[in-house]
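K.L.:
next comes the sequence, and after it the predicted model I'd like to discuss.
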Amino acid sequence: MASGVTIADECKQQFEAIKRDKKSRYIIYAIKDEKQIVVEKVGDRGAKYENFVQDLLAAGPDDCRYGVFDYEYEHMVQGATSGSQKQKLILLSWCPDTAKIKKKMLYSSSFDALKKSLVGVAKYIQATDESEASKEAVEEKLRSTDRA
């Protein structure tokens with residue numbers, strides 16, 4: 001079901017700046033006035049995953065957000081002595097259990113439109129609590145798609 005929420009052009013532009021130009025590390029998106037997905041914050045290239053999660057949760061326990069993160073990790077291939085550096089874009093939907101039902105429905109029904117507009121995301125993650133958004137949980141999901 002589509003929510004009728006539109007996506008601001010800036011959302012795609014900032015995403016392309018990460019994907020192509022590696023200008024920043026992450027983007028936090030929010031739905032403004034129940035009508036449009038907008039860029040709320042952009043994290044600089046030197047930012048860590050912890051900064052991303054902190055900004056994702058900054059709106060409080062009653063609010064939802066979307067976030068894109070340019071995730072880098074080391075991938076070890078079986079039989080190799082050293083790992084290779086991998087980079088994958090993730091799109092995370094943050095809707096805590098404590099958020100109001102109407103807000104959760106709006107964010108979940110708008111997630112598909114955002115996914116379609118941001119071409120090049122390697123992994124989509126839906127998180128309802130901090131453990132699902134943790135670095136360990138995200139890295140485990142990313143590694144599950146790697147070849148051994």
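P.N.:
Okay, I see it.
K.L.:
from now on I want contacts and neighbour counts done on CA atoms only, so please keep to that.
P.N.:
OK.
K.L.:
all the helices of the chain, residue numbers only.
P.N.:
Secondary structure of the chain by DSSP state H: the helices cover 9-19, 49-57, 101-117, 135-143.
K.L.:
would you mark the buried spots in the second one?
P.N.:
By neighbour count, with 16 or more other C-alpha atoms under 10 Å as the criterion, the buried positions of helix 49-57 are 49, 52, 53, 55, 56, 57.
K.L.:
repeat for the longest one
P.N.:
Judged by neighbour count using 16+ other C-alpha under 10 Å, the buried positions of helix 101-117 are 103, 104, 106, 107, 108, 109, 110, 111, 113, 114.
K.L.:
so how far is that helix off the chain centroid?
P.N.:
Per C-alpha atoms, centre = their mean, to the nearest Å, the displacement of helix 101-117 from the mean C-alpha position of its chain is 13 Å.
K.L.:
pLDDT averaged over that helix, what's the number?
P.N.:
Rounded to a whole number, the mean pLDDT of helix 101-117 is 94.
K.L.:
mind giving me the packing neighbours of that helix?
P.N.:
Helix 101-117 makes packing contacts with strand 84-94 when contacts are defined by 3 or more C-alpha pairs under 8 Å, 6 or more residues apart in numbering; DSSP states H and E.
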